[in-house]
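Asker: With the input below, show me the fold.
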Amino acid sequence: MEDKLVTLAIYTFEKAQILKTILENEGIEVYIHNVNLIQPVISAGVRVRIKESDLPKALSIIESTHWLGAETDIEKKAEEKKIILIPVDFSDYSMKACCIGFSYASAIRAEVILLHTFFTPLYATSMPFGDTVSPFQFEDEDLFVYVSNKAKGDMDEFVSTIEKKMNDGELSQAKFSYYLEEGIPEEEIIRYSKEYNPILIVMGTRGKDQKDLDLIGSVTAEVIESSRVPVFAVPEHASFAKIEEIKHIAFVTTFDQKDLVVFDALMKVVRRFGFKVTFVHVEAKEDVWNEVKLAGIREYFKKQYPALKAEYHIIDSDDTLNGLDDFIKSEQVDILALSNHKRNIFARLFNPSIARKMLFHSDTPLLVLKV
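Answerer: Residues are numbered from 1 along each chain as shown. Predicted structure coming up:
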């Protein structure tokens, strides 16, 4: 009688590979199915299959090695060092970002890092040439001392306000530290995100009707373009001030398979809060295949996240921004979540991303994730 294959488990591609290696080291033949051959790392729902006769041995190996349990311990240790990075410029919208960032940090027991970057303009005429010293050199040194001292004073005042708001109950309790750095804001933010590996960057923006040259909006846009860490951009007129007040998230999908990975990243950020999620696709014309693809996404997430409160919607519009804006207003969306796939420099110059456009177009907070 033929020894048929049975499914031992269904995991992500990475976990399936780990389990395959463990079992094969014990002499058990393993087959993994349902792998995206073009991009295997983004495969989800991979089946680990073995011969039926090997099932008892495989189960005993899994139970004795506690391979999933060990991984869970590692994940728990990683969670103990969760960090939320909040760049600030001491404005009202920086405080709004802090309100939301601190409430999120408090909910997930994370630590907050406040970062302020100041910039001192130094010109070539200020630099000494050979043995001579420019008469402007000392003036620029004085300028640096003045700017750095002012930044320190502003940060001390901002931190005092944070502490007072926490003591008065206006701000959620969370452990925090703060840093001052000289440099270009977006570059320092990215550098800190690489050094501290935060799970989220929370940044304030001015929101709707701000100009493209508006400094903080431009900095946020550059961070969104460059960061590998999820970026939560909070306009000053956002309708909520704490994470607990959020009820509805709209996730923009293009039906790209990468969106499945992006959504997994989104769930790591919001899974414990029980928000309603609406999957949204914007299309200029009706296409029966869009309905088919949306049905496929519906089935996938129903299996992967059975407890998820999800809805699905196709917006029939040839104007992506206004189509999303109308949907946000009619459905009372609190956060717009979307991916920001990295493109080449020419695409960035001539076709700015939806995330960047929405940043200057809407008062709805954006949660931007990358793969």
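
Asker: Quick check, central residue of this structure?
Answerer: Geometric centre of the chain, nearest residue: P230, 1.5 Å, by Cα atoms, centre = their mean.

Asker: Surely F255 is in a helix?
Answerer: No - with DSSP: H, G, I helix; E, B strand; the rest coil as the criterion, F255 is located in coil rather than a helix.

Asker: and the nearest residue to L5 once chain neighbours are set aside, what element?
Answerer: Once flanking residues are discounted, L5 sits nearest to R49: 4.6 Å by Cβ to Cβ, 6 or more residues apart in numbering. Bear in mind the C-beta positions are built from the backbone N, C-alpha and C, glycine included. According to DSSP states H and E, R49 maps onto strand 46-51.

Asker: coming back round to it: ramachandran angles for the residue nearest to the centre of the chain?
Answerer: phi -50, psi 140 (degrees, to the nearest 10).

Asker: Distance from the chain centre to the lengthiest helix in the chain, please.
Answerer: Ranked by residue count and defined by DSSP state H, the top helix of the chain is helix 137-167. Distance of helix 137-167 from the chain centroid (Cα atoms, centre = their mean, to the nearest Å) equals 29 Å.

Asker: so what secondary structure elements neighbour that helix?
Answerer: For helix 137-167, the packing partners by 3 or more Cβ pairs under 8 Å, 6 or more residues apart in numbering; DSSP states H and E come out as helix 92-108, strand 111-118, strand 176-182.

Asker: I'd like to know which of the ones you listed lies nearest to V147.
Answerer: strand 111-118 (5.7 Å; Cβ to Cβ).

Asker: name the helices or strands packed onto the closest one?
Answerer: Right, strand 111-118 is packed against strand 83-87, helix 92-108, helix 137-167, strand 176-182, helix 185-196 by 3+ Cβ pairs under 8 Å, 6+ apart.

Asker: what packs against the following helix or strand past the last one?
Answerer: Same thing as helix 185-196. Past helix 185-196, heading to the C-terminal end, the next element that is a helix or strand (DSSP H and E) is strand 200-205. In terms of contacts (3+ Cβ pairs under 8 Å, 6+ apart), strand 200-205 is packed against strand 83-87, helix 92-108, helix 215-226, strand 231-235.

Asker: please redo it, this time with the cut-off set to 10 Å
Answerer: When contacts are defined as 3 or more Cβ pairs under 10 Å, 6 or more residues apart in numbering; DSSP states H and E, strand 200-205 sits against strand 83-87, helix 92-108, strand 111-118, helix 185-196, helix 215-226, strand 231-235, strand 366-369.

Asker: Between these, which has the poorest mean confidence score?
Answerer: Lowest mean pLDDT within the helices and strands packed on strand 200-205: helix 215-226, at a mean of 75.

Asker: For the strand holding R49, enumerate the helices and strands it packs against.
Answerer: Helices and strands touching strand 46-51, as assessed by 3+ Cβ pairs under 10 Å, 6+ apart, comprise strand 5-11, helix 13-25, strand 30-33, helix 55-65.

Asker: send the alpha carbons of the third one over as PDB?
Answerer: Listed next in PDB are the C-alpha coordinates belonging to strand 30-33 (Å, rounded to 0.1, in the frame of the first residue of the first chain):
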ATOM      1  CA  VAL A  30       9.800  16.500   4.200                       C
ATOM      2  CA  TYR A  31       8.000  18.300   1.300                       C
ATOM      3  CA  ILE A  32       6.800  21.900   1.500                       C
ATOM      4  CA  HIS A  33       4.000  23.000  -0.800                       C
END
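
Asker: how far is that strand from where the chain is centred?
Answerer: 32 Å.

Asker: Need the mean per-residue confidence for that strand.
Answerer: 84.

Asker: The second one too?
Answerer: Mean pLDDT, taken over the full extent of helix 13-25, equals 79.

Asker: now do the last one
Answerer: If you average the pLDDT over helix 55-65, you get 73.

Asker: just the angle between that helix and strand 46-51, please?
Answerer: If you take axes from the mean of the first three to the mean of the last three Cα atoms, to 10 degrees, helix 55-65 sits at 120 degrees to strand 46-51.

Asker: out of the helices and strands packed on strand 200-205, which comes closest to F327?
Answerer: For F327, the closest of the helices and strands packed on strand 200-205 is strand 366-369, at 14.4 Å, according to Cβ to Cβ.

Asker: want to throw the helices and strands packed on strand 200-205 into a markdown table with distance to K293 and mean neighbour count?
Answerer: Below are these laid out as a markdown table (distance: least, Cβ to Cβ, whole Å; neighbours: other Cβ atoms under 10 Å):
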| stretch | distance to K293 | mean neighbour count |
| --- | --- | --- |
| strand 83-87 | 34 | 24 |
| helix 92-108 | 32 | 22 |
| strand 111-118 | 39 | 21 |
| helix 185-196 | 33 | 18 |
| helix 215-226 | 26 | 21 |
| strand 231-235 | 27 | 26 |
| strand 366-369 | 20 | 25 |
